[in-house]
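Enquirer: Next comes the sequence, and after it the predicted model I'd like to discuss.
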Amino acid sequence: MHTLEQQYPENYFSLLGLPISFDIDKDLLIKNYHEIQKSIHPDNFANAGDRERRLSVQKAAQINDALNSLKNPLPRAIYLLSLFAIELSENKHVAPEFLMEQMELREALSQVNDKADPFAELDVLINDVNTRIKHSISQLSRLFECLLATETGSEQDNKQQEQLELITAEVLKMQYLNRLQEECLNKEEDLAEQY
Amino acid sequence: MALLQISEPGQTTAPHQHKLAVGIDLGTTNSLVASLKSGLAETLADTQGQHLLPSVVQFQAKDEIGYKTIVGQQAQDNAANDPLNTISSVKRYMGRGLEDIKKHSIYHFVSEEGSAVPRIRTVAGDVSAVEVSAEILKTLKQRAIESLGGELIGAVITVPAYFDDAQRQATKDAAKLAGLPVLRLINEPTAAAVAYGLDSGSEGIHVVYDLGGGTFDISILKLTKGVFEVLSTAGDSALGGDDLDHTIVDWMLVKTGIVEPDASLLRVLLDKARAAKEALTEQDTTLIQIHLDEKLHSQSDQQTSWQYELSREQFEQLIQPLIRKTLVPCRRALRDAHISVDEIQDVVLVGGSTRVPLVRQIVGDFFSTQPLADIDPDKVVAIGAARQADVLAGNKSDEDMLLLDVTPLSLGLETMGGLAEKVIHRNTTIPVARAQDFTTFKDGQTAMAIHVVQGERELISDCRSLARFELRGIPPMVAGAARIRVTFQIDADGLLSVSAKEETSGVQSSIQVKPSYGLSDGEIETMLKDSFSHAQDDLDARKLREEQVEAKRVVEALLAALEEDGENLLSAQEQHTIQQAIDELSEIAEGSKQRAIKLKIEEVDKITAEFAQRRMDASINKALAGQRVNDLHT
């Protein structure tokens, strides 16, 4: 029976000196990232031979990818799922009630301009979306903790499948919410330019 | 001060030997070269004591050893009398195609058969922007060698942060023609930040507003203990001080009623416009006097001299739309960095054009802060570049900054229907590598073409074409069976390289690059040959020397690596094998067989590949262990 670290020795968490977990110490992540880049960044090899330069660029690129995958909760969740061989695709199902909510929120966003105080309206909406995202994050935190504490083994595999499905569903929701948040910020910028 | 001198890979085994490297600001209007002297970065002056070198090249003739040119102030003075052969603001043409050249250009552009790069017709022949820039770099290189009294191991050359791949590659090509090894291309705002950051040492978020002669950049950077991180960058690579000058020229043309000024007159008007702009920094009004030399100018209408009063107020009216235009990238950069104006510690002004009072006012209002211009805005970029050059050359110090920069433009691929699919997003920290999988659509297909663009738009036609990569050597299979993984990598210079492998067979594809706006390898080879008197012989001599330099680097790096990590990472047998390989390479490098040296280097690379990997991993573990030790102490 292998741990995830043993299964994937070059995983991004280990590369950046962190345990594999959804909840991370962000300060430690950044500190480790900086220390590693200080030692392997191409700037250390600007005057070195061809091979050293090439190797350093590849490694630095990998470290940068690791940081980008772990820095924020959504990419981190997606990366963790990939360690369980789950790739997200657009066709996966999201609960109809959730989709209804999303459509209502979008409609509210499109109607912001017609309100008496568009900025205030938009503010309320942005806060609403932020709260939902925070809720999603705490859900994922709980679910991943459960998942990673479960040992792999034939009796546990069904339970693990269940957990992975729940997590995948939550991640898909978060994707929608993030996109919505992006559009709210776009709207905010548009309003600012008009006034 | 360190008690123990530890050799790093790339440094000599005599760590106290200082390596000569310079920083070069290859500007639109003026260029500078700077270096560290007694620990302080300063710009280098010519024999007349001038630090700024006007980026003007007058072509006079061409002989067997290259172009005969005058570069700098003298050329600028001659410009009005020889407008078509005296090239200024060549930076605006680097990495650009014929369609990009704006209407205000006075030069005679021609396109060459089989080349993606336009040439300027001069009395010395048809020259490309790359060759013109090379002449400027040669002058700066000479100045540095004379001033520092020794050969340079290389230079850090700065480019606008918003320069695309073609413009960056053109800069590197110019350095190659000038015989100047490039240690790194650094973004101008980042270089300026280094110059300021080291002075103040203040942690926090800094903004660099860089309005040069031909380009505008805004960069937002975060400085924490020894790390300079670019959060976002935006700009306009076709907006600068030259455009401010042009508004005055247009105003003059309206007032004088001249409809189609010839090249010489346009040159005169531009010079007058620039002088007026500069005068209005201190004065409220300035007198512009234009006097035409009848012999030079064909517009022999009645009038040959004019005189106008231009007030600062009128000038500001003319330029305001352009300055306001710079605020659009400013907003974008703030947004991409996810920060608001009140989180900003300070705003630094870079570039001669930021001396214009209206610029300071608009920038100050937008960021709600008094912008800084303590370091000479003309010199600050070169100074920052010099500091980094020293570090990159291997002269380590306690003040070393790690620069984490970003790619300014999204990289995309052309897909069905003329759409651009983004592979790497703008403001991604570099180096970065992304893989994309492709497959064949015909049975037995062995080649594939990929069109790469840069830009933010959805349609390919709205983006900037970068290059067409032809992948060859795909093993013939049923349509759709092949899985070709194409890896796009942007290195620390911001330059793209592409590699491809067919995954099911493991076959590496060969890639032919056709740059859309760049010189091909063949063209550069020809240009290099043209600048040697005995063409083939001297070119061979140069190639041999380069190979020997590379061999020396490899040997020195390996010796240092063995000393540092030989004992803990290698078995006795492995150490012995590597030492033997090093000795053999050293011996062959003494000879004059370029091919033999190259082959030996390849062999040594293979033998030491495993060692290099182990060192890389050990380096990372050491960095992390250092962190854990720090944790214990807190």
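Expert: Arrived safely, thanks for sending.

Enquirer: so what's B:Ile153 up against?
Expert: A:47, B:19-21, B:181, B:183, B:393 (C-beta atoms under 8 Å, 6 or more residues apart in numbering or on different chains). Yep, even glycine has a C-beta here, placed from its N, CA and C like the rest.

Enquirer: From the residues you listed, list the buried ones, please.
Expert: Taking 16 or more other C-beta atoms under 10 Å in any protein chain shown as the criterion, what is buried in those is A:47, B:19-21, B:183, B:393.

Enquirer: returning to that earlier point: compile the contacts of B:Ile153 into a markdown table and extend it with columns for secondary structure, pLDDT and distance to B:Pro54.
Expert: Formatted as a markdown table, the contacts of B:Ile153 follow (DSSP: H, G, I helix; E, B strand; the rest coil; pLDDT from 0 to 100; distance: C-beta to C-beta, whole Å):
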| residue | secondary structure | pLDDT | distance to B:Pro54 |
| --- | --- | --- | --- |
| A:Asn47 | coil | 83 | 31 |
| B:Lys19 | coil | 83 | 30 |
| B:Leu20 | coil | 92 | 25 |
| B:Ala21 | strand | 95 | 24 |
| B:Pro181 | coil | 93 | 25 |
| B:Leu183 | strand | 95 | 25 |
| B:Ala393 | helix | 89 | 28 |
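
Enquirer: okay, the buried ones among the contacts of B:Ile153 in TSV with distance to B:Gln579 next?
Expert: TSV is the format used below for the buried ones among the contacts of B:Ile153 (distance: C-beta to C-beta, whole Å):
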residue	distance to B:Gln579
A:Asn47	23
B:Lys19	25
B:Leu20	30
B:Ala21	30
B:Leu183	29
B:Ala393	27
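
Enquirer: Pick the one among these closest to A:Glu104.
Expert: B:Leu183 (56.5 Å; C-beta to C-beta).

Enquirer: what's near enough to touch the residue nearest to A:Tyr8 when sequence neighbours are not counted?
Expert: Excluding its sequence neighbours, the residue lying closest to A:Tyr8 (C-beta to C-beta, 6 or more residues apart in numbering or on different chains) is A:Leu83, at 6.0 Å. Applying C-beta under 8 Å, 6+ apart, one finds that A:Leu83 lies in contact with A:4, A:7-8, A:11, A:20.

Enquirer: Tell me how far the longest helix belonging to chain A lies from the chain's centre.
Expert: Criterion DSSP state H: the longest helix present in chain A is helix A:154-194. The chain centroid and the centroid of helix A:154-194 are separated by 9 Å, computed with C-alpha atoms, centre = their mean, to the nearest Å.

Enquirer: and that helix, anywhere near chain B?
Expert: Yes. Counting by C-beta under 8 Å from any C-beta of the partner chain, chain B has neighbours in helix A:154-194: A:185, A:189.

Enquirer: Name the residues of stretch B:369-388 that are buried.
Expert: B:369, B:371-372, B:375, B:377-388.

Enquirer: ok so, going back, show me which of the contacts of B:Ile153 is closest to B:Ser571.
Expert: A:Asn47 (29.4 Å).

Enquirer: What strand or helix carries B:Ser453?
Expert: Not Ser; residue B:453 is Val. Secondary structure assignment for B:Val453, by DSSP states H and E: strand B:448-454.

Enquirer: Who does that strand pair with, and is each partner parallel or antiparallel?
Expert: With DSSP bridges as the test, strand B:448-454 is paired with strand B:411-415 (antiparallel), strand B:464-472 (antiparallel).

Enquirer: Can you add mean pLDDT, mean neighbour count and distance to B:Ala192 and give these back as CSV?
Expert: What follows is the strands paired with strand B:448-454, written out as CSV (pLDDT from 0 to 100; neighbours: other C-beta atoms under 10 Å in any protein chain shown; distance: least, C-beta to C-beta, whole Å):
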stretch, mean pLDDT, mean neighbour count, distance to B:Ala192
strand B:411-415, 93, 20, 26
strand B:464-472, 92, 20, 25
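
Enquirer: Any chance of CSV for those strands, columns distance to B:Gly352?
Expert: Listed next are these as CSV, based on distance: least, C-beta to C-beta, whole Å:
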stretch, distance to B:Gly352
strand B:411-415, 32
strand B:464-472, 27
